[in-house]
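S.K.: Generate coordinates for the sequence data below:
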Amino acid sequence: MKVVDCRGQACPIPVLRTKEALSSIEEGTITVIVDNKASRENVKRFAQKEGCSVEVEEKDGLFYIKISKGNVKREETAEEGREELPEKKSPVVFIASSYVGEDPELGKILIKGFIKTFLNADPMPEKIVLVNTAVKLACRGADEEILSALRELSEKGVEIICCGTCLDYFGLLDQLEVGVASNAYDVVQSLVNASSVIRL
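M.R.: Residues are numbered from 1 along each chain as shown. I've put the predicted structure just below:
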């Protein structure tokens, strides 16, 4: 039985490692170890959405999440749902700040987690639009993990659009590391022509 030790790892890493472990087996059981309730619930919910059975045991402040994956349920679901599932359409992500929510410190942790997680989204975004202070995320001196994730998203075909007016306002036009400096028309066209828009 495979063990995935996620102690000390923040969201979304436990879920991503669980996804990777489940993808590596056709059927069988894995055990994921986490050390907080938020990760326990996130991993449990993810595994259940994947059609797996889940058992959780708490011991010495740790949560041992036993996840069993099998083929039967998945095959039956596929046959029943063959009536044509709606095609997934890639959204446009609109980010207007360098952090998410009201609290700046927590918000910086969240924005990093969300951007990194877009690498594993299905479907991935078609475009990520950065305006106002969010353009700083794509510039020299930004958090290296965020820059790395944006570069990888760009390499995978996600268009990174940065507001040129915003870059100019902050004196960052020549410091853009990933994406393109764009204009209000392109930003508006990206939003109005999107199948859906997600705002962080």
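
S.K.: Could you use CA atoms for every contact and neighbour count after this?
M.R.: Noted.

S.K.: how deep is residue 135 tucked in, by neighbour count?
M.R.: By the measure other Cα atoms under 10 Å, the count of residues near residue 135 is 27.

S.K.: How about residue 159?
M.R.: 19.

S.K.: Just the pLDDT at it, thanks.
M.R.: pLDDT, residue 159: 95.

S.K.: repeat for residue 89
M.R.: 85.

S.K.: And for residue 26?
M.R.: You'll see residue 26 listed with a pLDDT of 89.

S.K.: On the three-state scheme, it is what?
M.R.: Applying DSSP: H, G, I helix; E, B strand; the rest coil to residue 26 yields a three-state assignment of coil.

S.K.: Now stretch 186-199: buried residues?
M.R.: Judged by neighbour count (16 or more other Cα atoms under 10 Å), stretch 186-199 contains these buried residues: 187, 190, 191, 194, 197.

S.K.: whoops, stretch 109-124 was the one
M.R.: The neighbour-count check on stretch 109-124 (16+ other Cα under 10 Å) flags 110, 111, 112, 113, 115, 116, 117, 118, 119, 124 as buried.

S.K.: Stretch 148-164 now?
M.R.: Buried residues in stretch 148-164, counted by 16+ other Cα under 10 Å: 149, 150, 151, 153, 154, 158, 159, 160, 161, 162, 163, 164.

S.K.: sorry, back to before: let's see which of the buried residues of stretch 109-124 end up in helices.
M.R.: 110, 111, 112, 113, 115, 116, 117 (DSSP state H).

S.K.: show me what contacts the residue positioned nearest the centre of the chain?
M.R.: Central residue of the chain (Cα atoms, centre = their mean): residue 117, 1.9 Å from the mean position. By Cα atoms under 8 Å, 6 or more residues apart in numbering, the residues touching residue 117 are residue 12.

S.K.: re the thing from before, residue 55: which of the buried residues of stretch 186-199 is nearest?
M.R.: Using Cα to Cα, residue 197 is the member of those that sits closest to residue 55, with 36.2 Å.

S.K.: from memory that closest one sits against residue 90, does it?
M.R.: No: if you go by Cα atoms under 8 Å, residue 197 and residue 90 don't touch, sitting 9.3 Å apart.

S.K.: count of neighbours near the closest residue to residue 109 other than its chain neighbours?
M.R.: Of all residues not flanking residue 109 in the chain, residue 99 sits nearest, at 7.8 Å (Cα to Cα, 6 or more residues apart in numbering). Residue 99 is flanked by 21 other residues according to other Cα under 10 Å.

S.K.: Low-confidence ranges, this structure, go.
M.R.: Flagging of the chain using pLDDT under 70 yields the residue ranges 71-87.

S.K.: on that earlier part again, what is the nearest of the buried residues of stretch 186-199 to residue 103?
M.R.: Checking the buried residues of stretch 186-199 against residue 103 with Cα to Cα, the nearest one is residue 197 at 23.4 Å.
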